[in-house]
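K.L.:
Can you look at this prediction? I've put the sequence above it.
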Amino acid sequence: MTKQRELTSVMFIDNNEIDNFINKKICESCGVTNILTFTSTSTALQYLTHLTEIPQLIFLSIRFPIMDSFEFLDKLDKLKIDSKQLDIFILSASIDPADKQKAKEKNCRGFIDKPLTAEKLLAQLNTTKI
């Protein structure tokens, strides 16, 4: 039997502020107490660089104007963060199979189709590390 953990911290990195707002409300409805949202990968990366405690889940969109999610993941890999602690999911409306393959190659825990729902969020508690 899989143990479900309590979800207390989530980070969303999506350049669409409306998506971030909706995702935050979904998390709040599921009892998440610490929700971070970023509209740029570079700002999120800078934040993670100085963080002592990383979020339990990171939901990452693919398309960004300056640094896309795959570049972000490459740079994140170079930080001193233990990648085994990271549960990163691509959250995207992309239907391109190459995006799903790249996410798998970058060791993302999964690829979730937008929009995020409470059911999709809670399902990740059964697939993430305890």
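P.N.:
Nice, I can see it. Numbers count the residues shown, from 1 in each chain.
K.L.:
do you know how far the closest residue to Thr8 other than its chain neighbours is from Leu121?
P.N.:
Take Thr8 and drop its neighbours on the chain: the residue closest to it by CB to CB, 6 or more residues apart in numbering is Thr33, 5.2 Å away. For every residue, glycine as well, the C-beta is placed using N, CA and C. Thr33 sits 14 Å away from Leu121, going by CB to CB, to the nearest Å.
K.L.:
Between those two, which is the more surrounded one?
P.N.:
Leu121 (22 against 11; other CB atoms under 10 Å).
K.L.:
how about that one, secondary structure?
P.N.:
helix (DSSP: H, G, I helix; E, B strand; the rest coil).
K.L.:
Would you check that Leu73 makes contact with Lys106?
P.N.:
Yes: Leu73 sits in contact with Lys106 when judged by CB atoms under 8 Å, with a separation of 4.5 Å.
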